[in-house]
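In: fold the stuff below for me.
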Amino acid sequence: MFEEMKTRYFIGLFLLLSIVFGILFGVISLFMPNGDEFIEAGITLVLYVVTPVLFFWYHFRNQGRSVREVVFKEGAVEWLPRLLGIVVISIAFSISVFWLQLFALYPLFPGFVDFLLDPVPMAENPVYLGIMLISIAIIGPIAEEFIFRGVLLHRMMKKTSMWGGIIISSILFGILHADIFGAFIFGVIASLLYIKTRNLLIPILLHIINNSIAVIWTYVAPTWPKWGILNSSELYEKALPNAIVLVISSVLIGWVIVQLKKGLPKKANIEESLEEGTP
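Out: Numbering: from 1, shown residues only. From the prediction side, this is the model:
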């Protein structure tokens with residue numbers, strides 16, 4: 001199913017729609033206040049809504065398949081406590097490993113580190129703010145899981161192996177995020193969850209929980225936890241607590257990956273197992 005969908009066609013469709021809608025949004029924004037925010041919100045909707053809906057609607061319809069074959073609620077509820085635990089560990093790991101990345105980069109590229117630590121201003125337009133928050137917390141995770149754990153993972157597994165597909169798709173996922181290594185590990189865990197459960201809803205829920213917590217955290221409690229880094233001067237001041245959290249969370253992340261790895265189908269049966277859909 002997914003392995004027949006080509007990533008380059010998705011990218012091509014996105015670029016085409018971006019040009020068409022970009023011109024349309026650009027003209028409309030000339031007559032609106034906060035025109036830049038309007039254009040950004042429009043491009044976000046093109047990336048996370050219009051392009052994925054058209055792309056996957058065409059392929060599922062062309063193959064005579066249903067989304068319910070890869071996204072189903074059976075068994076999903078019992079995974080929620082485990083997903084919440086994985087998210088807590090993943091967030092702790094991401095914060096601390098992000099510190100390590102910045103700690104290593106600062107002596108060489110202090111300006112770049114300061115740029116990464118610049119706070120993101122909250123949009124004044126409530127409509128734009130709502131679109132961005134919903135895109136980050138809900139729409140984005142759904143679209144990204146279909147693309148990375150659906151299309152890319154299947155395509156790369158077909159061309160290489162199970163772990164080849166997991167690693168390559170997770171690297172590409174990590175490159176598109178500021179916290180490259182933390183996002184890479186998140187991608188590995190999401191891939192293992194999908195392969196283990198044969199249900200794309202499980203990594204989607206993991207992703208939604210993770211991003212929702214991040215959104216709430218950013219706008220409600222940006223100074224928590226106390227060992228989080230807000231500016232470059234704290235890279236050395238908070239080195240010890242971040243190093244401790246990094247070690248502990250790394251051990252827990254490793255344990256999670258080992259547990260998810262148990263009972264996976266053999267290489268020869270991976271695609272067949274995923275194609276079976278609902279157990």
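
In: next, the contact list for L45, please.
Out: Contacts for L45 (CB atoms under 8 Å, 6 or more residues apart in numbering) come out as 131, 135. (Glycine included, C-beta is placed from N, CA and C.)

In: go with 7 Å
Out: Counting by CB atoms under 7 Å, 6 or more residues apart in numbering, L45 touches I131.

In: look up phi and psi at it.
Out: With angles defined as degrees, to the nearest 10, L45 sits at phi -70, psi -40.

In: how far away is it from I39?
Out: From L45 over to I39 the distance is 11 Å, taken as CB to CB, to the nearest Å.

In: got the CA positions of stretch 91-109 in CSV?
Out: Taking only C-alpha atoms (Å, rounded to 0.1, in the frame of the first residue of the first chain), the coordinates of stretch 91-109 have been written out as CSV:
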residue,chain,number,x,y,z
ILE,A,91,10.8,15.0,26.3
ALA,A,92,13.4,14.8,29.1
PHE,A,93,15.8,13.2,26.7
SER,A,94,15.1,15.8,24.0
ILE,A,95,15.7,18.8,26.4
SER,A,96,18.9,17.4,27.7
VAL,A,97,20.3,16.2,24.3
PHE,A,98,19.3,19.6,22.8
TRP,A,99,21.4,21.2,25.6
LEU,A,100,24.3,18.9,24.6
GLN,A,101,24.1,19.9,21.0
LEU,A,102,24.1,23.6,21.9
PHE,A,103,26.9,23.1,24.4
ALA,A,104,29.0,21.6,21.6
LEU,A,105,28.1,24.2,19.0
TYR,A,106,28.5,27.3,21.1
PRO,A,107,32.3,27.7,21.0
LEU,A,108,32.2,27.4,17.2
PHE,A,109,28.9,29.1,16.3
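
In: buried stuff in that stretch?
Out: Using 16 or more other CB atoms under 10 Å as the burial criterion, the residues of stretch 91-109 that qualify are 91-103, 106.

In: now, these that are in helices?
Out: For the buried residues of stretch 91-109, the ones inside helices are 91-103, with DSSP state H as the criterion.

In: secondary structure element for the nearest residue to S90 once chain neighbours are set aside?
Out: Using CB to CB, 6 or more residues apart in numbering and skipping residues adjacent in sequence, the residue nearest S90 is F186, 5.7 Å away. For F186, the host element (DSSP states H and E) is helix 180-197.

In: buried set for that helix?
Out: Under the neighbour-count criterion of 16+ other CB under 10 Å, helix 180-197 has 182-197 buried.

In: surely A183 touches H177?
Out: Yes - because the distance of 3.7 Å satisfies CB atoms under 7 Å, A183 is recorded as touching H177.

In: what's the closest of the buried residues of helix 180-197 to L260?
Out: Proximity of the buried residues of helix 180-197 to L260, judged by CB to CB, is greatest for L192, which lies at 4.0 Å.

In: quick check: the closest one vs N125, distance?
Out: Here L192 is placed at a distance of 39 Å from N125 (CB to CB).

In: ok, now S29?
Out: In this structure, S29 and N125 are 12 Å apart, going by CB to CB.

In: which parts of the stretch 51-200 of the chain are helices?
Out: Listed in chain order, the helices found in the stretch 51-200 of the chain under DSSP state H, counting those that start in this stretch are 51-63, 80-105, 110-117, 126-134, 140-144, 153-159, 162-175, 180-197.

In: now render the ones you listed as TSV, adding mean pLDDT.
Out: Listed next are these as TSV, based on pLDDT from 0 to 100:
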stretch	mean pLDDT
helix 51-63	93
helix 80-105	94
helix 110-117	89
helix 126-134	81
helix 140-144	95
helix 153-159	91
helix 162-175	95
helix 180-197	95
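
In: want to throw these into TSV with distance to A239?
Out: As requested, those are arranged in TSV below (distance: least, CB to CB, whole Å):
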stretch	distance to A239
helix 51-63	41
helix 80-105	7
helix 110-117	14
helix 126-134	32
helix 140-144	32
helix 153-159	36
helix 162-175	24
helix 180-197	18
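
In: gap between L100 and D179?
Out: Taking CB to CB, one finds L100 at 11 Å from D179.

In: what of F25?
Out: For F25, the distance to D179 under the criterion CB to CB works out to 29 Å.

In: ok, now A190?
Out: 15 Å.

In: got it, and G75?
Out: Counting by CB to CB, the gap from G75 to D179 is 30 Å.
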